[in-house]
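Student: Generate coordinates for the sequence data below:
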Amino acid sequence: MRVLAVDWSGDLRAAAKRIRVAEAAPGRLLDVRGGLDRDGVGDLLLGLRDRATPAVVGMDFSFGLPGWFATRHGVRTLPQLWDLARDEGESWLRACEPPFWGRAGTRRPTDLPVHRETELDARAWGLNPLSTFQIGGAGAVGTGSVRGMALLGRWRREGIGVWPLDPAPGPRGVLVAEVYPRAMTGPVVKSSADARAAHVAVDPRIPGALRAAVTATEDAFDAAFAALGMAEHAAELASLPALTDPTSLLEGRMWLPPVRG
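Tutor: Next comes the predicted model:
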């Protein structure tokens, strides 16, 4: 099975400058590259379809929103939420009205839950995923997530499996799953080029020829370590079952490695 990870971008015009795609095998990084925009990532997924070797692709954006928000909009399933994001997501981002925040003059709501259950679970393990409702400010994931959700429905209709709705290897040999790179990078100040370089220099899984590409940007660093972390658990990912609990079916769920520090 092939294992890839995509460090996503919500940038409206320059996503190709930020998005990085990495591929790994157990114990070894195989590639890290840029140059794809969001549509290009979709083309990559379609290119993996129906191949002899199945693929799992980790994506670092939220596949859902808190269940109360979905219910308030008459949404009962994740695919319905993705279609809602396709139709209304850009309006959410432009207006930045509660529960969204992060733009100048806006504040985090204090009267509404802003995290999904899967994010709260990750926080219990010492991780710190931010709320998808935050669409501006340091580390904000909301813009990229809304623009990613807007594509998930189309990808799934084109035969790309989406976890947790679909089991591995997906209906036509490729499955995308939400991942959280910080769970796989370990403690490192990713914003520091020197810290990234030091972290990479002592990791035997990264060939010398790829070290400069991995350390060049935070995006490349995250993609590389997400792919490596997933590859360590390739056997688990190859048999990943669909989930059936109501919360996962409405909010989505992150895949996290079984051993978390």
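Student: wouldn't M230 be in contact with V179 here?
Tutor: Yes: proximity of M230 to V179 meets the contact threshold set by CB atoms under 8 Å, at 6.8 Å. Every residue, glycine included, has its C-beta placed from N, CA and C.
Student: anything in contact with each of those two?
Tutor: Residues touching both M230 and V179 by CB atoms under 8 Å, 6 or more residues apart in numbering: 5, 58, 255.
Student: Would you check how far apart the closest residue to the second one other than its chain neighbours and P109 are?
Tutor: Right, the one you point to is G58. Nearest residue to G58, sequence neighbours excluded (CB to CB, 6 or more residues apart in numbering): V179, at 3.7 Å. Plainly put, V179 is 27 Å away from P109 if you go by CB to CB, to the nearest Å.
Student: So for these two, which residue has more residues nearby?
Tutor: When V179 and P109 are compared for neighbours, V179 comes out ahead with 26 against 14, by other CB atoms under 10 Å.
Student: Strands along the protein, start to end?
Tutor: 2-7, 20-25, 28-33, 55-59, 161-162, 174-178 (DSSP state E).
Student: Pipe those into TSV and attach mean pLDDT per row.
Tutor: Conversion of the strands of the chain to TSV gives the following (pLDDT from 0 to 100):
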stretch	mean pLDDT
strand 2-7	98
strand 20-25	98
strand 28-33	98
strand 55-59	98
strand 161-162	98
strand 174-178	98
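Student: Show the contacting residues for the residue most central in space within the chain.
Tutor: Nearest to the geometric centre of the chain sits D60, at 1.8 Å (CA atoms, centre = their mean). Applying CB under 8 Å, 6+ apart, we find D60 in contact with 5-8, 141, 178-181, 222, 226.
Student: In these, find the pair that's most separated.
Tutor: Using CB to CB, the contacts of D60 reach their maximum pairwise distance at A5 and V141, which is 15.4 Å.
Student: Pick out whichever of those two has more residues nearby.
Tutor: Shown here are A5 and V141; by other CB under 10 Å, A5 has more neighbours (30 against 21).
Student: so the more buried one touches A22, yeah?
Tutor: Yes: contact between A5 and A22 holds when scored by CB under 8 Å: they sit 5.1 Å apart.
Student: Pull up the overlap in contacts between the two.
Tutor: Common neighbours of A5 and A22, counting by CB under 8 Å, 6+ apart, are 223-224, 226-227.
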